[in-house]
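S.K.: Need a 3D model of the sequence below.
(3 chains)
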Amino acid sequence: EFKVWLKNKYHSIEALNTAWGNIFWSMEYNNFAQIQLPNQCVTDPNPSHLLDFKRFSSDQVITFNRIQVEVLRNHSSAPLIHNYMGRITDFDHYKVGADLDIASWDSYPLGFLEDRSEEGDDWKLHFSQQGDPDFQAFHHDLYRCVGRGRWWIMEQQPGPVNWAPYNPAPLPGMVRLWSWEAFAHGAEAVCYFRWRQAPFAQEQMHTGLYTPDNNPAPGLAEASTVAAEIESMPEVSTAKAQVALVFDYESDWAWQIQPQGASFNYFKLVLDYYRALRSLGLSIDIIPPDSSSLANYKLVVIPGLMTFDTQLTQAIESFTGTVLAGPRSGSKTANFALNLQPPMPGINNKVSYVESLRPSVELPLKESGNVINWIETTTGDDPVIERTAHDRPILIGTDKRQYLSAWPDREALKRMLKKLCSAEGIAVQELAEGLRVRETQTHRFVFNYNPDPVQYKGASLAPAAVHWELL
Amino acid sequence: EFKVWLKNKYHSIEALNTAWGNIFWSMEYNNFAQIQLPNQCVTDPNPSHLLDFKRFSSDQVITFNRIQVEVLRNHSSAPLIHNYMGRITDFDHYKVGADLDIASWDSYPLGFLEDRSEEGDDWKLHFSQQGDPDFQAFHHDLYRCVGRGRWWIMEQQPGPVNWAPYNPAPLPGMVRLWSWEAFAHGAEAVCYFRWRQAPFAQEQMHTGLYTPDNNPAPGLAEASTVAAEIESMPEVSTAKAQVALVFDYESDWAWQIQPQGASFNYFKLVLDYYRALRSLGLSIDIIPPDSSSLANYKLVVIPGLMTFDTQLTQAIESFTGTVLAGPRSGSKTANFALNLQPPMPGINNKVSYVESLRPSVELPLKESGNVINWIETTTGDDPVIERTAHDRPILIGTDKRQYLSAWPDREALKRMLKKLCSAEGIAVQELAEGLRVRETQTHRFVFNYNPDPVQYKGASLAPAAVHWELL
Amino acid sequence: EFKVWLKNKYHSIEALNTAWGNIFWSMEYNNFAQIQLPNQCVTDPNPSHLLDFKRFSSDQVITFNRIQVEVLRNHSSAPLIHNYMGRITDFDHYKVGADLDIASWDSYPLGFLEDRSEEGDDWKLHFSQQGDPDFQAFHHDLYRCVGRGRWWIMEQQPGPVNWAPYNPAPLPGMVRLWSWEAFAHGAEAVCYFRWRQAPFAQEQMHTGLYTPDNNPAPGLAEASTVAAEIESMPEVSTAKAQVALVFDYESDWAWQIQPQGASFNYFKLVLDYYRALRSLGLSIDIIPPDSSSLANYKLVVIPGLMTFDTQLTQAIESFTGTVLAGPRSGSKTANFALNLQPPMPGINNKVSYVESLRPSVELPLKESGNVINWIETTTGDDPVIERTAHDRPILIGTDKRQYLSAWPDREALKRMLKKLCSAEGIAVQELAEGLRVRETQTHRFVFNYNPDPVQYKGASLAPAAVHWELL
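M.R.: The predicted model follows:
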């Protein structure tokens, strides 16, 4: 089927050979029948071959889902929904979501902190009973986009689970906090998994709202509290954010295929940007890589986007706000060849040289913070906005179009984003570590992810506190 | 054959479906022929399925051994013996041992420290030429039980071996110390492996008592010293210990199948208890999980026992001494479902909530030491004996029946066990780090596992010293 | 074919059984047809079996190369050349090289530092943009030997590559330094890989001298500088070194098969000796294990040589200079049995006891430095030259023939080698860390591998500096 998919895409074997650059290493094919799966090769497979296989695999999921949707639409007018998981990028969720009515995801903040976070041990220790303070919100915003505004939590962790390397209990109050945070990000529903703990088989150690002998488990009271609190709240609506972040499934495949440095991880890069924006108190929209208009936003950030397609390019060209892109953004053609043109609309420099850095390398910046993981050299006459202490340009462009040719650490990234917000008149708020904010149309919600009290506007917020105030 | 074994055990497929909880995930079988081995499944296999496979595998070994025993008994009245290894728990040694006359094991203190100890680098460095000070003794006591009093060392390490990640030489004196320690624990014989080092093939780097060219190797003089010393000793007999520790092969399989936290290791848990008791100068008996009487003991400790069977339950009910059990003791039925009743005889609380902790987490206790790795919440009215600094109960019950619902660190565990010994009138002795004691009916033997001299009763014991005194 | 190879070597199965020691574990074969490849065995394969398989595999490469050579010689009188890689020891390069006219290798200093160096993180951080200061020189000297004086760099890294875990850029000046260092070691040519970066397929991220759109890449200017500088240099010739180091492919196979301690790595051992000699400012020749004369040298060092063959033994016997061998040198017969005779010509002691040490173990020496990784006990009356602080002999023999029965750390090894040089009247020069020297017949070249300036003869050498002076 992969061969059929390729034939439908390229029509002629010559076109495929050109698209993939098969002249390299004399890899030209004579016909589609010769093409194998890109594994068990003598040496590295062609990255273009690998990327097309990833696209094909994703298309298989999309097609399979569509077949089911068509069957169900014939028999039901109920909205159709599917539940995704945290940090699963094997197929394009935007495209699957386009055939459904509601997106949902399974949120296991403690399990995900232990089994799929890139953060270090100190971070994991600090948040071991609360979860990463940005991981949930990121997925809330992602699936709000995938569901075109309609989204649920299909499975909310109500206590210790059975599948992570370590399975501690949520800090008292966190089940309530997680639930409220989902609603603040626009969830229509939060369902808990599971209702009653099963006393046998594979998931016997996965807690529920009730114990196996039908007594209330600790999560139940918190879920009940949320239910009661929601009853007394006025109806709230999701606010449109002023800041958007582009997240792209193909880019994740591309940089898995060709990391170039062992620490270049697309998901981590995007989460770093999201985290920096969140730590400035901002509400964020996640948008797809084929967005046709950015008109609703003031600032759009685009880290590590493999290719700018025509639609996004036109959207940027007609956008009056600020765009910050990079590193690696626009570095490839859609066929996974090097893009020899400037990396993004509005930038004239070209990327001429790419370096990946071992984890212990830190290149200090002139202002504050360091470059880590990745740095590019660009060639051209674009104005330089920031440099390393050794005078290497890392941020170039104009007020409204900037290309960041390096991976800044947390401090530096936050500083740069703050400056861009200020230029666009976006109000920011420096939050204490572990404190997070999300605004609806009428309220500002404040969440304390710390195990200790923190100060917010002169008051002390308890661990796991959820605070809200009218805007 | 696994299917036959299952049919013999459950008789009907309905009984198996109920026992395993196969209603979960619709795993019900229609007949025994459908049951596969519990590997290469689409997702996790049912833990009940896995545990039965472990039991079946163990039974295969038992049966195979029994066939050989029957053949030999027809031709010989010599006692039958088999040699086990350190920390090998793949089959039930008690059951194999029941068909034999003598148990023996292969003791490689340095190799085992390097290739199967859970301790950290500092510990391994300190004991790199002596071996873990409790690992040998634990196995001596275990195989004394497996051999119903009769046991040997079949292979005693006499120098560097060839198979561990690092193969240093024993500290001078350790070959003598290891040999004496075995006799102090009741060994009938200590054999050295090997007599003469082979100059070729796989084991050419495994030292013996003689070098390959037939000169004495360093171990020989120490072995000769022990032989001479034993000649001049009166016949000694194994003393009955006042403290017993339950060790169970099935529990090791169970917690390998379902660790729930990556650091929950049954062997390590049991060794932690054994080590704490030993560091109090106690002699310990290891007893099997189906013991029918505890009457010879004053204190019985039962860490992590999956299930209390009827026999042990009755033994505890008629026992006038103290029993300390937990964590995870009694947490499962024999079918690997959750036990929804109190975890042990004499306790009324139920375990309602289980948390596993990442290695860096330490929950300080009100008295001293910390909880690490594991903590449970119990529900009920049992008196609380110990709490964490944040007031969570971790030790509950009465003077004589206590359940420890957490994994204490070395300091806390020693403190708790000391208190129980004191209540039972068992004399303890706080030993210097690395000093260990074993009593026979007439003598107290003292072993210095340290590479440095330590004080004992006002005198200095040299590194690798073996000291004995009349009781 | 392996069976045929074995039959050609041993003629009778009895001879093979004896050579391999197959009496051990009753491994005797009845005929050659029974012999399998030494993998997927029930337990460890016989090391003699494994070593013969390595020899057979190497011979296959040699034969294959020879067939091609014969074809080409019939059609061309051009010199024949093959390019080897860094730290690839799977076949005997001396034997392949004997059929060719020129040896060459692919030098990727930064890639090799990241993906095949044994050094620690601090070292890798310090040299992350320069490469290990001895790795290139070692291979230059090795392939000068393999090519019997004629050698090239076939691929010189000109910038970041695409295949190492991290791919930083060379420090400015390093492309020039690496090129000059090759010439100082006698290279006939240095070719850069690649000329122009390919914009597609597997190596699209591998820089060249030109960018994919045909602009000069940073490496080009440095390559041009070297070309111009060479033009203005007088013709120089390779100097004969006063010190030789034996490197042996079979020994690498042997200690991979039987490391005895996880940190015993032959390549690392040899590089440690090479590094110590280089840090004394010496130029070194690498020579093969079947050298028939050492007459050109004053000092020959032979670390970890599995077996002294007749030719090398005779060469040593007639050599008037100093030989330092060990550890493990001469410890095996050619059949991979223990050598029960003295380890090297001129030594009477025998090795009676071998210990491998975990990485954290350091045995301090009486003078300075420590023993790490490995220590042997020898038996006999040879004079003792050095001892550990606990009085264990580690260096024995006469002024001219010494056996080092341990693995010294950097400081101790340098001290010992310095003393031997002094006794032979070889001038040494204590160089600053990261500074390296190579002499031709007329010039001394000095290379600063540091990212910082260092002092040399009162002047400051910039990072990546190449300095030369007339002798």
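S.K.: Sticking with A:I385, tell me its helix or strand.
M.R.: Following DSSP states H and E, one finds A:I385 within strand A:384-387.
S.K.: ok now stretch A:275-286, how far from the chain's centre?
M.R.: 12 Å (C-alpha atoms, centre = their mean, to the nearest Å).
S.K.: Quick one: name the residues of chain A near chain B.
M.R.: A:114, A:121, A:124-125, A:128, A:159-160, A:162, A:165-169, A:197-205, A:207, A:211-213, A:215, A:217-218 (C-beta under 8 Å from any C-beta of the partner chain). C-beta here means a position set from N, CA and C on the backbone, and glycine is covered the same way.
S.K.: Mind checking which of the residues you listed land in strands?
M.R.: Assigned to strands by DSSP state E, none of the residues of chain A next to chain B qualify.
S.K.: Weed out the non-buried ones from those.
M.R.: When these are checked for burial by 16 or more other C-beta atoms under 10 Å in any protein chain shown, the buried set is A:114, A:124, A:128, A:159-160, A:162, A:166-169, A:197-205, A:207, A:211-212, A:217-218.
S.K.: near chain C, which residues of chain A show up?
M.R.: For chain A, the residues in contact with chain C (C-beta under 8 Å from any C-beta) are A:20-22, A:24-25, A:27, A:43-48, A:258, A:260-263, A:335-338, A:340, A:350, A:352-358, A:360-361, A:379.
S.K.: Out of those residues, which end up buried?
M.R.: A:20-22, A:24, A:27, A:44-48, A:258, A:260-261, A:263, A:335-338, A:350, A:352-358, A:361.
S.K.: Can you name the residue of chain A nearest chain B?
M.R.: Relative to chain B, the nearest point of chain A is A:F200 (2.7 Å; C-beta to the nearest C-beta).
S.K.: re earlier: list the ones among the residues of chain A next to chain C that fall in strands.
M.R.: Per DSSP E, the residues of chain A next to chain C map to strands at A:K350, A:S352, A:Y353, A:V354, A:E355, A:S356, A:T379.
S.K.: so what's the first one up against?
M.R.: Neighbour list for A:K350: A:L340, A:Q341, A:P342, A:P343, A:T378, A:T379, A:G380, C:D213 [criterion: C-beta atoms under 8 Å, 6 or more residues apart in numbering or on different chains].
S.K.: which residues does it bridge with?
M.R.: A:T379 (DSSP bridges).
S.K.: Give the helix, strand or coil label for A:N17.
M.R.: helix (DSSP: H, G, I helix; E, B strand; the rest coil).
S.K.: contacting residues around it?
M.R.: Counted by C-beta under 8 Å, 6+ apart, A:N17 has contacts A:I23, A:M27, A:E28, A:Y29.
S.K.: Pull out the buried members of the residues you listed.
M.R.: Looks like the contacts of A:N17 have A:M27, A:Y29 buried, using 16+ other C-beta under 10 Å.
S.K.: Narrow the contacts of A:N17 to those in helices?
M.R.: Of the contacts of A:N17, none are assigned to helices by DSSP state H.
S.K.: Output the contacts of A:N17 in JSON lines; the columns should cover distance to B:A227 and pLDDT.
M.R.: Shown next, in JSON lines, are those (distance: C-beta to C-beta, whole Å; pLDDT from 0 to 100):
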{"residue": "A:I23", "distance to B:A227": "79", "pLDDT": "97"}
{"residue": "A:M27", "distance to B:A227": "73", "pLDDT": "96"}
{"residue": "A:E28", "distance to B:A227": "78", "pLDDT": "97"}
{"residue": "A:Y29", "distance to B:A227": "77", "pLDDT": "98"}
